[in-house]
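J.: Starting from these lines, generate the structure:
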Amino acid sequence: MQSFTYLSPTEVVFGKDTELQTAALIRRYGGSRILLVYGGGSILRSGLLNRIQQVLEEAHLTQEVFGGAKANPTMEHAREGVKKALEFQADFILGIGGGSAIDTAKAIAIGAAAPDTDLSEFWGGAKKPVTALPTGAVLTISAAGSETSNSAVLTNLATGAKRGLSSDLNRPRFAIMNPELTYTLPVYQVACGVVDIMMHTLDRYFNPTENEMTDAIAEALLRTVIAKGPVAVRDTHDYDAMSELMWAGSLSHNGLTGLGGPGDFAVHQLGHELSAMFDTAHGASLSTVWEAWALAVCDAKPSRFARYARNVWGLTEGDEDTLARAGIKATGDFFRSLSMPTSFSENPDIGVQAETVLRDLAHRCSNQGRRTIGSFRVLDEEAIYLIYRGANY
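T.: The predicted structure follows:
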């Protein structure tokens, strides 16, 4: 096991009606002027925004709202939020929704604390943030794990680049997690969330090292999501399934399932380019390329994929190479059983693409050939292109 530092300071408040504790938690973490960040109209239709506003009003906390976070949150929208936070003199940013709203809240918190620096400098890597306003999260979608993670992802519409920023400044002070708040989700969003949760652990699990304790945690989480995901897709009001997925989503992206090893995250990088170019849902972008990625890299360490097949899928027949490929197929079959795409043609936002598009995707993913991605197998621009080509059917 490699050396690591593990910090997971977010206070998790889990269970029914926990959103009613929002005001008390904000006060505990020093907030008095709160910018409420959310996405579309679902929290308006469900009455959640109104309930939270009422709780804040009863606690005599000053509030302002900022809606419109997109499924693939944009830097341009976050800039508007920074401006609003500064005008309002916000001292606390509350994200209400899924990863998009929470990531937007994180970006606003960083931007408002450094008003002389454009967000593109932080998300482009030119500068590192040194301070941020405190944030909190009220989760309504089990998927991104942003409620306990140190990362936030934005798409820069001007450049077409979708990039993440990892910093412990991004970790929310608290995360309110009421599984009942996910009941109104469309089935497709639930399925996308299942993929995203799994991928946050798979992108950590497939790395060059083996760490028994960390690997066992990751495998248990994956087995749980595989068991509960189909139940949630069949019945979005199944409290047991929705609660297990909600907790799995947080654990999958708070760093726990990858301690002691270098994360790979190549699939996320590959998927980011698909989301940026085609505006496909994040979970769908990941399922679209996972099988092609796995088949391209499994021979770097077949024993790792064979362990995955045995310990996650319960497969036992065959040698390591046979088991490795069986585990990959089982994963693809699982995604397909949830009606999630596993190739370009199966993804209605993408479809089979011309060779020039595949080359362009690889060029973008490799930062114009200036970077490699992955650690399980390091991938340069040509290797990235071959994976896109492998998914292009």
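
J.: per-residue pLDDT, residue 4?
T.: For residue 4, the model assigns a pLDDT of 87.

J.: And stretch 200-216, how far out from the chain middle?
T.: 17 Å (C-alpha atoms, centre = their mean, to the nearest Å).

J.: Please identify the buried residues of that stretch?
T.: For stretch 200-216, the neighbour count (16 or more other C-beta atoms under 10 Å) marks 200, 201, 202, 203, 204, 205, 206, 207, 211, 214, 215 as buried. For glycine as for every other residue, the C-beta is placed from the backbone atoms N, C-alpha and C.

J.: Distance from the helix or strand harbouring residue 37 to the middle of the chain?
T.: Assigned by DSSP states H and E, residue 37 belongs to strand 33-38. Offset of strand 33-38 from its chain centre (C-alpha atoms, centre = their mean): 21 Å.

J.: Which ones among the buried residues of stretch 200-216 map onto helices?
T.: 200, 201, 202, 203, 204, 205, 214, 215 (DSSP state H).

J.: from the residues you listed, which two are the most distant?
T.: Maximum pairwise distance in those, criterion C-beta to C-beta, is 15.1 Å, between 200 and 215.

J.: any chance you could map the strands in this structure?
T.: 11-14, 33-38, 62-66, 92-97, 135-139, 151-156, 161-166, 174-177 (DSSP state E).

J.: Need the contact partners of the fifth one.
T.: Applying C-beta atoms under 8 Å, 6 or more residues apart in numbering, the external contacts of strand 135-139 come out as 19, 22, 25-26, 29, 31, 48, 52, 92-98, 102, 105-106, 109, 146-147, 170, 172-178, 181-182, 246.

J.: swap the cut-off to 6 Å and go again
T.: Applying C-beta atoms under 6 Å, 6 or more residues apart in numbering, the contact partners of strand 135-139 are 19, 93-96, 102, 105-106, 109, 147, 172-177.

J.: Can you list the strands that it pairs with?
T.: Strand 135-139 has the following sheet partners, assigned by DSSP bridges: strand 92-97 (parallel), strand 174-177 (parallel).

J.: now the angle between strand 33-38 and it, please.
T.: 40 degrees (axes from the mean of the first three to the mean of the last three C-alpha atoms, to 10 degrees).

J.: Specify the angle between strand 135-139 and strand 151-156 in degrees.
T.: Using the same axes, to 10 degrees: strand 135-139 against strand 151-156 is 90 degrees.

J.: pLDDT of strand 135-139, averaged?
T.: 98.

J.: Ok, the fourth one next?
T.: Taken as a whole, strand 92-97 has a mean pLDDT of 97.

J.: so which of the strands of the chain is the most packed in?
T.: Stretch with highest mean neighbour count among the strands of the chain: strand 135-139 (a mean of 30; mean count of other C-beta atoms under 10 Å).

J.: and that strand, how far out from the chain's middle?
T.: 15 Å.

J.: swap in stretch 54-64?
T.: 30 Å.

J.: Buried residues, that stretch. List them.
T.: Buried, per 16+ other C-beta under 10 Å, within stretch 54-64: 55, 56, 61, 63.

J.: ditto for stretch 234-253
T.: So stretch 234-253, judged by 16+ other C-beta under 10 Å, has buried residues 236, 238, 241-253.

J.: residues near residue 295, how many?
T.: 18 (other C-beta atoms under 10 Å).

J.: So for the chain, which residue is the most central one in space?
T.: The residue lying closest to the centre of the chain (C-alpha atoms, centre = their mean) is residue 144, at 2.9 Å.

J.: That residue and residue 101 touch, don't they?
T.: No. Taking C-beta atoms under 6 Å as the definition, residue 144 is not a contact partner of residue 101, at 9.8 Å.

J.: Any idea how far the helix or strand bottoming out on mean pLDDT in the chain is from the middle of the chain?
T.: The helix or strand of the chain with the lowest confidence, counting by mean pLDDT, DSSP states H and E, is helix 42-45 at a mean of 80. Centroid separation for helix 42-45 versus its chain: 22 Å, with C-alpha atoms, centre = their mean.

J.: and what of stretch 184-197?
T.: 12 Å.

J.: Give me the buried positions along it.
T.: Within stretch 184-197, the residues that count as buried by 16+ other C-beta under 10 Å are 185, 189, 190, 191, 192, 193, 194, 195, 196, 197.

J.: Looking at these, spot the one nearest residue 124.
T.: Nearest to residue 124 among those: residue 196, at 24.1 Å, using C-beta to C-beta.

J.: I'd like the distance between the closest one and residue 269.
T.: In this view, residue 196 and residue 269 are 15 Å apart by C-beta to C-beta, to the nearest Å.

J.: before we move on, what about residue 256?
T.: 22 Å.

J.: average pLDDT across stretch 277-285?
T.: 95.

J.: What is the end-to-end distance of that stretch?
T.: In stretch 277-285, first residue to last residue: 11 Å (C-alpha to C-alpha, to the nearest Å).

J.: Figure out how far it is from the centre of its chain.
T.: 12 Å.

J.: ok, and for that stretch, which residues are buried?
T.: 277, 278, 280, 281, 282, 283, 284, 285.

J.: Just flag the most distant two among those residues.
T.: Largest pairwise distance in the buried residues of stretch 277-285, by C-beta to C-beta, is 16.5 Å, between 277 and 283.

J.: circling back: got a list of contacts for the least confident helix or strand of the chain?
T.: So helix 42-45 is in contact with 49, 96, going by C-beta under 6 Å, 6+ apart.
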